[in-house]
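J.: Fold the following, please.
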Amino acid sequence: MNWESLLCSDRIRMVAKGASSSDERTEFEKDYQRIISSASFRRLQDKTQVFPLDKSDFIRTRLTHSLEVANFARSIGKMIGSRIISEGKDPGFTDKMREDVASILECAGLLHDIGNPPFGHFGEDAIRDWFKNNLPLMEFRGRKISEILSDRQREDFYNFEGNTQALRVVTKLHFLVDEHGMNLTKALLATIMKYPVSSVQIKQDPHDITCKKMGYFAADTEVFEDVQKSCGTNGRRHPLAFALEAADDIAYRTADIEDAVKKGLLDIHILIREMEKLSDEAVKNKVPREQTETCKKYISKLEHYYEKALDQGYEEPQLYAVQNLVVRIQGLLLACAVDSFMSNYDAIMTGSYKKELLADTPGSLLLEILGDVALRYAFLSAPILKLEVAADAIFDFLLGHIVRALVYYDTDEWKMHRCAVDTKMIGLISPSFMQVYRIYSKDASDEEKLYLRLLLSTDYVSGMTDGYAKRLYRELLGMDTSLNV
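T.: Modelled structure (predicted):
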């Protein structure tokens, strides 16, 4: 792979450039402005990151998380670009390319969660589980739907991913002027495709992270192939996808600990104890010394910050200490990500590098420990468990009604099979989503249309915010007579 192709600024629908235009923005700067002005991006402010949305302005949402990822991604991009130039890794890599890399990664950070359904990652689980449990039981014209769909179409629903949905949002569903969505640059689209495989190519291989999830739906194959060809990735992960993944890991692993302390779910003394215990276990398991010593170093820093806060009489000494620790850890991990990219530069550029960028770095044990503590003290906490139970009921109800309504929609049998509620459910779907369906289902076979209608159901529920999904659920059950949405 080469940077000239990887930084492809073409769009799927090319935009005419006036010869006398005074617009000096790069194509990637235009991407940024398209993203931040979009309704799809704004909806992230009402989507759960980890904790159920509450009245606290401190707790992160998908929007604030995406802004943090964008910031980290841009920093990683600038540092990588500078190192490529200073170390002479590629004589053709220019200062402009360095700025383009930073801009692409910043935009990718803003976009990386834009396809996530409501209620955090549990929303993805709920969608997958619903289709696995219900699709084999549903029929269309006397045949099981799971048998009508191709293997790949069926597996698209069984392996639903918010990351995969993001590609649909930006290339189709966000109807800016036509069916090409935001019509973003191909380099940016390639960067957000973390997994360059279809739903039938998924492999749980611990030695290859690039195929552990699907990266695109069958309906979006043409987009995927176009982007891959233009960027010269040809079935491999775009190098900047590794940097985006690292930025996401840094942001959420550190933020989850900070938010857990703020919510009172994690005490600093417990945090120190857990970090010490897991660090000692790592020593016994012969984890590289550099990683264990780094971990112990940051435990000492946390103790120091806490003692300082107590000595100076700070109002929230625990939060002060954790916030200072988080900032220091973020700096460490950013440096680790850049060093790892440069150390593995040749393998990344040939597509043979298969690990996460932060794996086997001085900060990797620390990152693993933070994730383990967050899982046990935040993700398994009562507020999260309540959210998941409620979300499951909401998805079960909404998908049950909308899929039933869509199965025979746009067929000769629609009038015979529909009921009054089905018509109303169809009417709730975004007109732009319906327009996209009509465009891409034109001249398609009956089987393909059925697949696209089922995909329309996941498009619909994924586009909901937490608040809208909860209100719609209550209204349709007659629990809330308010029509305000």
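J.: need the helices for the stretch 351-485 of the chain, in chain order.
T.: With DSSP state H, counting those that start in this stretch, the ranges of helices along the stretch 351-485 of the chain come out as 364-374, 382-407, 414-417, 420-428, 431-441, 446-462, 466-476.
J.: how far does the third one sit from the chain's center?
T.: What it means is helix 414-417. Taking CA atoms, centre = their mean, to the nearest Å, one finds helix 414-417 lying 38 Å from the centre of the chain it belongs to.
J.: Stretch 329-349 too?
T.: With CA atoms, centre = their mean, you get 21 Å for stretch 329-349.
J.: what does that stretch contact?
T.: Under the criterion CB atoms under 8 Å, 6 or more residues apart in numbering, residues 1-2, 72, 75-76, 79-80, 83-84, 87, 89, 239, 242-243, 246-247, 249-250, 254, 294, 298, 353, 355, 357-364, 366-367, 370 lie in contact with stretch 329-349. For the C-beta atoms, the positions are set from N, CA and C on the backbone; glycine is no exception.
J.: Filter those down to the buried ones.
T.: For the contacts of stretch 329-349, burial is judged from neighbour counts taken by 16 or more other CB atoms under 10 Å, and it is met by 1, 72, 75-76, 79-80, 83-84, 239, 242-243, 246-247, 249-250, 254, 294, 298, 353, 355, 357-358, 360-364, 366-367, 370.
J.: Quick one: residues contacting G363.
T.: G363 makes contact with Q291, T294, I329, L332, L333, C336 under the criterion CB under 8 Å, 6+ apart.
J.: Next: A391.
T.: Going by CB under 8 Å, 6+ apart, the list of residues near A391 reads P118, F119, F122, G123, A126.
J.: excluding its backbone neighbours, what's nearest it?
T.: Of all residues beyond its chain neighbours, the one nearest A391 is F119 (3.9 Å), with distances taken as CB to CB, 6 or more residues apart in numbering.
J.: what about the one you found, how many neighbours?
T.: Neighbouring residues of F119 were enumerated by other CB atoms under 10 Å; the total is 26.
J.: Next: the one 3 residues further on.
T.: Residues near F122, counting by other CB under 10 Å, number 22.
J.: what's around the closest residue to it other than its chain neighbours, how many residues?
T.: In space, and not counting its chain neighbours, F122 is closest to E388: 4.6 Å by CB to CB, 6+ apart. When neighbours are defined as other CB under 10 Å, E388 has 19 of them.
J.: ok, now the one 5 residues further on?
T.: For A393, the count of nearby residues is 13 (other CB under 10 Å).
J.: ditto for M349
T.: Neighbourhood size, M349 [other CB under 10 Å]: 17.
J.: Look up which helix or strand it falls in, please.
T.: M349 is part of helix 345-350 when elements are defined by DSSP states H and E.
J.: hang on, the earlier thing: between the contacts of G363, which has the most around it?
T.: L333 (28 neighbours).
J.: Report the contact partners of the residue nearest the centre of the chain.
T.: The centroid of the chain falls nearest to D113 when counting by CA atoms, centre = their mean (3.4 Å). D113 makes contacts with L44, K47, R62, H65, S66, V69, G162, A166, as judged by CB under 8 Å, 6+ apart.
J.: Just to be sure, the fifth one is in a helix?
T.: Yes - in this structure, S66 lies within a helix as judged by DSSP: H, G, I helix; E, B strand; the rest coil.
J.: That one and L44 touch, don't they?
T.: Yes - judged on CB atoms under 8 Å, S66 makes contact with L44 at a distance of 5.8 Å.
J.: Alpha carbons of the lowest-mean-pLDDT helix or strand in the chain, as CSV, please.
T.: Averaged element by element with mean pLDDT, DSSP states H and E, the chain has its least confident helix or strand at helix 414-417 (a mean of 82). The C-alpha trace of helix 414-417 is given here as CSV (Å, rounded to 0.1, in the frame of the first residue of the first chain):
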residue,chain,number,x,y,z
TRP,A,414,-49.3,-6.2,1.4
LYS,A,415,-53.0,-5.3,1.6
MET,A,416,-53.9,-8.8,2.5
HIS,A,417,-51.3,-9.2,5.3
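J.: and this structure, what are its domains?
T.: With automatic domain parsing as the criterion, the domains of the chain are listed as 3-12+26-127+163-239, 266-355+362-380, 383-476.
J.: Throw those into a markdown table and include distance to L149, thanks.
T.: Shown next, in a markdown table, are the domains of the chain (distance: least, CB to CB, whole Å):
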| stretch | distance to L149 |
| --- | --- |
| domain 3-12+26-127+163-239 | 9 |
| domain 266-355+362-380 | 31 |
| domain 383-476 | 6 |
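J.: And the ones you listed: which comes nearest R152?
T.: Among the domains of the chain, the nearest to R152 by CB to CB is domain 3-12+26-127+163-239 (4.9 Å).
J.: just how off-centre is the closest one within its chain?
T.: When distances are taken as CA atoms, centre = their mean, domain 3-12+26-127+163-239 is centred 8 Å away from the chain's centroid.
J.: L357 touches D248, doesn't it?
T.: No - taking CB under 8 Å as the definition, L357 is not a contact partner of D248, at 10.7 Å.
J.: Mind listing residues that contact stretch 413-433?
T.: Counting contacts by CB under 8 Å, 6+ apart, the residues outside stretch 413-433 that touch it are 141, 173-175, 401-402, 404-409, 456, 459-460, 463, 472.
J.: Can you identify each of the strands in the stretch 101-250 of the chain by residue range?
T.: Across the stretch 101-250 of the chain, reading from the start of the chain, the strands by DSSP state E, counting those that start in this stretch fall at 139-140, 143-144.
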